[in-house]
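Colleague: please work out how this folds:
(one chain, ligands or ions: 1)
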Amino acid sequence: MIWERKYSHGQIYLEYPDEMIVRCIQKHMQPKAHSKVLDLGCGTGRHSELLASKCFETYSCDISKNSVSITRNRLRSKGLNGKFSLFSHSWDLPFESDFFDVIIASHSIYYNTLKNLRRTIDEIYRILKKDGILIATFIGKRDYRQKHGRLISKNMYIGKETTKDHKGLTYCVFNNITDIRKLIDGKLMEVSYGYNEWYLELDRRVCHWFLIAKK
Ligand SMILES: C[S@@+](CC[C@H](N)C(=O)[O-])C[C@H]1O[C@@H](n2cnc3c(N)ncnc32)[C@H](O)[C@@H]1O
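Modeller: Next up is the predicted model:
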């Protein structure tokens, strides 16, 4: 599995949380009201660490075993508590229904086919409590992964060799917020959304939508 290989080579270890996620947490979450939080697709645990340090009851999960173990070690080495689990499919998560107050899906669930991304939103809906919040990111138009991806069908790409770090990965790209709204339509209610762009290198523009939605 591509992600497993990335983590086993120590290729990615992100030290600091995403500033936009930090702002969303500050604006939309209070430790008492939003106790149970899932870091869905936790990677190397930068947001799990932040959440646990803010005393949220933090659950971290990923499809990569290496990722879960890196996150577990990261939190333990800092004396932080957390619960860790592995899943095989993001549309079949190992949690009870109506369980989480908040789910953070930072740069994770868009690594899906469009059909499976829809199923993942259904699954998020299932495990969120009523009034629970989803904070999620999605790849936006003009991101380098769009330019360096092969379009398979609407919104869906496979990373070409030239993406470097995304070769062979399947992901969804959204040219506008309307297509993201369609994903949550009839399930979650949009609270707000944002957008940002930055450059990894001058020819590698990174574009993301940030969606905050409520069950
Ligand atoms: C770019 S990393 C982001 C990690 C972390 N959320 C962060 O913001 O640092 C993407 C992570 O999503 C996981 N992932 C891959 N496919 C996924 C899917 N369909 N649903 C959820 N997570 C997925 C990968 O294993 C990887 O750890």
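Colleague: what's the helix or strand for Gln146?
Modeller: Taking DSSP states H and E as the definition, one finds Gln146 inside helix 144-147.
Colleague: in that helix, what counts as buried?
Modeller: 144-146 (16 or more other Cβ atoms under 10 Å). (Each C-beta comes from the backbone N, C-alpha and C, glycine too.)
Colleague: what do you get for stretch 98-107?
Modeller: Applying a neighbour-count criterion of 16+ other Cβ under 10 Å, the buried positions in stretch 98-107 are 99-107.
Colleague: near the ligand at all, that stretch?
Modeller: Yes - Stretch 98-107 comes into contact with the ligand (Cβ under 6 Å from any ligand atom), by way of 106-107.
Colleague: who touches that stretch?
Modeller: Under the criterion Cβ atoms under 8 Å, 6 or more residues apart in numbering, residues 18, 21, 25, 28-29, 33-41, 43, 47, 51, 56, 59, 124, 126-130, 132-137, 208 lie in contact with stretch 98-107.
Colleague: from those residues, which are also near the ligand?
Modeller: Checking the contacts of stretch 98-107 against the ligand (Cβ under 6 Å from any ligand atom), the matches are 18, 40-41, 43, 47.
Colleague: hmm, which two among those are most spread apart?
Modeller: In these, two members sit farther apart than any others by Cβ to Cβ. They are Asp18 and Leu40, at 14.1 Å.
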